[in-house]
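Asks: Make a model of this:
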Amino acid sequence: MFETMRKVFGPAAVTVIIGAIAMVFVFFGVYNPRTTKGQGQGALAATVNGDAITMTEFGREYQQRTEMFSNMMKGKIDPNMLKQLRIGEQVVEDLIRRRLVLQEAQRMGMTAPDAEVREKIKEMPYFKAKDGSFDVSRYNQLLAANHYTPAAFEDMIREDILRARVSEFVRGRAKVSEKEVESDFLSQEDRRQVDYVVLDGETAKKFVIVGDKDVEDALKDKAGLDAAKMHYERTKMSYVKPTAKKTVKKGEAAPKTEFLPFEEVKKKVVLDMLREKRSDEGHKANKELSADLYAKAKELPRDKFKAYVKGKGLEMKTSAKFNRLQNSVPGLGDLPELVSDAFKDGSPLVQGPKLYEGAKTFAVAMDLKAFKPDMAEFAKSKTQLEQTASSRKSEEMFQQWMHDLRTRAKVSINQQIGNPTDADAEAPAPVPVDD
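Replies: Here you go, the predicted model:
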């Protein structure tokens, strides 16, 4: 998520955004930095080419990250979820990457004068008085509340300016040729379409036999009833209360979604739950039926095949148009082999039907149709295409540069940082993870 934010806003802006979030917590009485429990004042989170990242830096960043997640989830944040998300590892990796970029800025001789740092700080809205002027008293109070000294905060802003400068420099080296722009256009606008029959999870449920006794037994058992309630909460959108269709006028709020009560639909919930648990049976049935459909598609005229499909309770559909950059096709899911076949010279889909198997999907595809690009549109949209291609290439260049930088770096990470709030002993010596 933070990588995406950096792509959109740039590294300097992201730090400011995170800082702003933390300061909001101060105003509402939420933000209260935890100590690095059991880590020791002098402990290090990591070293990067000999430069230290302290536990203080890590703790502050970790706290801001977890508080942001807590705020997003309205305070209902589960510590186990934080462990699953590996927040500690994400935070330390972000700090390592930021330190590497800063080291490169210093190596290149880049600087951020005091005057530039001061102007950047004065532009920040949360340090301004009501009349829009910079409020020194407010500035000092907010920094103190967030455990920053003015010098430390100004150094942080200086570093962000340098990181942004390096990023701009690296990205600025990306150049795109007219041939690349045209190739991008052709890749996006050269499209295909197929007719298909798909057998997916919903189809599989029809083949799973769940008797009334299975449902009744599950409802009698407390564990089964609790599992059904959990399934109901997880798949609640399957139990929306039917309402008359109403056109929402501009400016009006959309009607609130209402759900059928669990007690009213509990038998259906248990039926769906048991069918889902027996998905292997459905997958096997899908596989057998898809093989039968494939054989019939090769044997029967198209109109008779459609009738055969309908007789099986299925429907033959036409896909949305797709290009060669897509691995998935709307309605069919992830079927990269189908996409690859659709753009081959002498495609097998021109010669006849073909059966495809995805992770949980079977599809019989046929009747390939091609839609060639309109080069007149290329001329009209060339400027926009150049900008898009340049943006993509500059991001690719920066990410590759960052990857190479990280690969070459000598980095040691304190293994205790994965779950800093669980640490009860002094942190062990950093363990090298990259050489």
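
Asks: Where do the domain boundaries of this protein fall?
Replies: 2-174+393-434, 191-205+279-371, 209-277 (automatic domain parsing).

Asks: Now stretch 324-336: buried residues?
Replies: Neighbour counts using 16 or more other C-beta atoms under 10 Å place Gln326, Val329, Leu332, Gly333, Leu335 of stretch 324-336 among the buried residues. Just so you know, the C-beta spots here come from the backbone N, C-alpha and C atoms, and that holds for glycine as well.

Asks: repeat for stretch 345-360
Replies: Neighbour-count burial for stretch 345-360 flags Ser347, Leu349, Pro353, Lys354, Leu355, Tyr356, Gly358 (criterion: 16+ other C-beta under 10 Å).

Asks: correct me, but the second one touches Gln193?
Replies: Translated: Leu349. No: Leu349 lies out of contact with Gln193 (C-beta atoms under 8 Å); the separation is 10.3 Å.

Asks: list residues touching both of these two?
Replies: The contact sets of Leu349 and Gln193 overlap at Leu368 (C-beta atoms under 8 Å, 6 or more residues apart in numbering).

Asks: low-scoring stretches of the stretch 201-350 of the chain, by residue?
Replies: Filtered on pLDDT under 70, the stretch 201-350 of the chain yields the residue ranges 244-254.

Asks: Please repeat the previous calculation with a cut-off of 90.
Replies: For the stretch 201-350 of the chain, the stretches flagged by pLDDT under 90 are 201-226, 234-238, 240-259, 270-285, 325-334.

Asks: Now do the strands in it.
Replies: Secondary structure of the stretch 201-350 of the chain (DSSP state E, counting those that start in this stretch): strands located at 317-318, 322-323, 328-329, 333-334.

Asks: May I see the ones you listed organised as JSON lines, with distance to Gln84 added?
Replies: Conversion of the strands of the stretch 201-350 of the chain to JSON lines gives the following (distance: least, C-beta to C-beta, whole Å):
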{"stretch": "strand 317-318", "distance to Gln84": "37"}
{"stretch": "strand 322-323", "distance to Gln84": "34"}
{"stretch": "strand 328-329", "distance to Gln84": "26"}
{"stretch": "strand 333-334", "distance to Gln84": "24"}
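
Asks: Ok, which of those comes nearest Phe207?
Replies: Set against Phe207 and scored by C-beta to C-beta, the strands of the stretch 201-350 of the chain come closest in strand 333-334, at 18.6 Å.

Asks: picking that back up, in strands, which of the buried residues of stretch 345-360 appear?
Replies: Judged by DSSP state E, the buried residues of stretch 345-360 include Lys354, Leu355, Tyr356 as members of strands.

Asks: follow-up on the earlier one: now, which of the buried residues of stretch 324-336 sits nearest Pro242?
Replies: The closest of the buried residues of stretch 324-336, once distances to Pro242 are taken by C-beta to C-beta, is Gly333, at 28.1 Å.

Asks: Thr361 is in contact with the closest one, correct?
Replies: Yes: Gly333 lies in contact with Thr361 (C-beta under 8 Å); the separation is 4.8 Å.

Asks: Could you pull out the residues contacting both of these two?
Replies: Val198, Asp200.

Asks: So Val117 versus Ala151, what's the distance?
Replies: Distance from Val117 to Ala151, counting by C-beta to C-beta, to the nearest Å: 11 Å.

Asks: the more surrounded of those two?
Replies: Remark: of Val117 and Ala151, Val117 carries more neighbours, 19 against 9, as counted by other C-beta atoms under 10 Å.

Asks: How about the secondary structure of the more buried one?
Replies: Here Val117 is recorded as helix under DSSP: H, G, I helix; E, B strand; the rest coil.

Asks: mind listing what it touches?
Replies: Contacts here follow C-beta under 8 Å, 6+ apart; on that basis Val117 touches Glu154, Ile157, Arg158, Ile161.

Asks: Select only the buried ones of those in ChimeraX?
Replies: A single ChimeraX command is used to select the members of the contacts of Val117 judged buried by 16+ other C-beta under 10 Å:
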select :154,157,158,161
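
Asks: need the contacts of Val117 in TSV with pLDDT and secondary structure, can you?
Replies: Compiled in TSV, the contacts of Val117 are given as follows (pLDDT from 0 to 100; DSSP: H, G, I helix; E, B strand; the rest coil):
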residue	pLDDT	secondary structure
Glu154	94	helix
Ile157	94	helix
Arg158	95	helix
Ile161	95	helix
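
Asks: among the contacts of Val117, which two are most distant?
Replies: Using C-beta to C-beta, those reach their maximum pairwise distance at Glu154 and Ile161, which is 10.5 Å.

Asks: And Ala145, how close does it get to Ala227?
Replies: Applying C-beta to C-beta, the value for Ala145 to Ala227 is 46 Å.

Asks: can you tell me the distance between the two ends of stretch 206-224?
Replies: Across stretch 206-224, the terminal residues are separated by 22 Å (C-alpha to C-alpha, to the nearest Å).

Asks: meant to ask about stretch 338-355, not that
Replies: Span of stretch 338-355 from end to end, C-alpha to C-alpha: 9 Å.

Asks: Run through who's touching it.
Replies: Stretch 338-355 is contacted from outside by 190, 192, 194, 290-291, 293-294, 297-298, 322, 324, 326-329, 332, 356, 362-368, using C-beta under 8 Å, 6+ apart.

Asks: what do you get if the cut-off is 6 Å, keeping everything else the same?
Replies: Applying C-beta atoms under 6 Å, 6 or more residues apart in numbering, the contact partners of stretch 338-355 are Arg192, Tyr294, Ala297, Lys298, Arg324, Gln326, Tyr356, Val364, Ala365, Met366, Leu368.

Asks: try stretch 303-312
Replies: Outside stretch 303-312, the residues within contact range by C-beta under 6 Å, 6+ apart are Val197, Lys296, Ala297, Met316.

Asks: ok, those vs Arg275, which is closest?
Replies: Taking C-beta to C-beta as the measure, Val197 is the one of the contacts of stretch 303-312 closest to Arg275, at 21.1 Å.

Asks: Checking the closest one next. Helix, strand or coil?
Replies: strand.

Asks: Arg99 is in contact with Thr47, isn't it?
Replies: No: here Arg99 does not reach Thr47: they are 9.3 Å apart, not a contact under C-beta atoms under 6 Å.
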